[in-house]
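> Give me the fold of what follows.
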Amino acid sequence: MTSSRIPEEIHDRCSHCIGREHSICRAIEDCDLAILASESSKMTVPNGRSFIEEGSPAHDFFVVTGGRVKIFTLLPDGRRQITGFAEGGDFLGLAASKSYAFGAEALGTAVLCRFPHASMQRLTDRFPNLEHRLRQEASRELTLMQARMTLLGRKTARERLATFLMERIKLLGPMCQGTPHQIELDLPMSRTDIADYLGLTIETVSRVLSAFKREGLIGIRGITHITIMQPERVSAIAEGLE
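Numbering: from 1, shown residues only. Predicted coordinates for the structure are as follows:
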């Protein structure tokens, strides 16, 4: 297949994708984007809708190209344990074998690129750099898993929440507004989701946030907006140094 046979609007989907810079697709050169686009399809998922069901056959990989996603596993009693939040550029499904070991749900409207397994195989056969990028992604997932085990097993409630805030700053990067000494954060997830992710109760999350506010570490405006007033101190708390 050559790029000249692919409709221009399909090629443009990849060339104008805001998630490409931070995703596995960065391994594909601009001149080959039409091939990448032809092996994937765009999907839009409304707020609260699941697009991966834990235990269902793992036929596809997904790249988040817009919005945010929460990732969860099901507990034996039917409750959901949130294990992470995916942003633009994140790759989902790499660790899946025959079935998905997690579920995924849109936080707000999410835009995704879906790659069937057969399509990804053709792409990695054709572009060795993409296979290398997938190995890097697997290593990153392992690092995140180890960090989460430390978060849940060794850190106090204050350290967990401070770690969460610093994670958001690192993940959002240039999308964070403000100055180096005062950072603005939009948190699309609910307090309940944050508590679930951190292994805390919602009451504990609210109590620690209120304590951070009293100490002048953060400012809170509404449900979803937090200003990090003292990033260095919040970072020190996250690292167990304060």
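
> Show me what whatever helix or strand L130 lives in packs onto, helices and strands only.
Here L130 sits within helix 128-154, counting by DSSP states H and E. When contacts are defined as 3 or more Cβ pairs under 8 Å, 6 or more residues apart in numbering; DSSP states H and E, helix 128-154 sits against strand 80-86, helix 117-126, helix 157-172. From N, CA and C alone the C-beta is placed, and that goes for glycine too.

> tell me the angle that helix makes with helix 117-126.
120 degrees (axes from the mean of the first three to the mean of the last three Cα atoms, to 10 degrees).

> buried ones in helix 128-154?
Neighbour-count burial for helix 128-154 flags 130, 133-134, 137, 141, 148, 151 (criterion: 16 or more other Cβ atoms under 10 Å).

> ok, of those, which one's closest to E159?
L151 (8.2 Å; Cβ to Cβ).

> pretty sure that closest one contacts R160?
Yes: if you go by Cβ atoms under 8 Å, L151 and R160 touch, sitting 5.8 Å apart.

> so what's in contact with these two at the same time?
Common neighbours of L151 and R160, using Cβ atoms under 8 Å, 6 or more residues apart in numbering, are 198-199.

> Give me the nearest residue to the residue nearest the centre of the chain, chain neighbours excluded.
When Cα atoms, centre = their mean is applied to the chain, the residue found nearest the centroid is A86 (1.5 Å). Using Cβ to Cβ, 6 or more residues apart in numbering and skipping the chain neighbours, the partner closest in space to A86 is V69 (4.1 Å).

> Looks to me like the one you found is in a strand.
Yes: counting by DSSP: H, G, I helix; E, B strand; the rest coil, V69 falls inside a strand.

> Name whatever forms a beta bridge with it.
Beta-bridge pairing of V69 under DSSP bridges involves A86, A106.

> Mind pulling the model confidence for it?
Per-residue pLDDT puts V69 at 95.

> do the same with P180
P180 is assigned a predicted lDDT (pLDDT) of 62.

> do I223 as well
In this model, I223 carries a pLDDT of 77.
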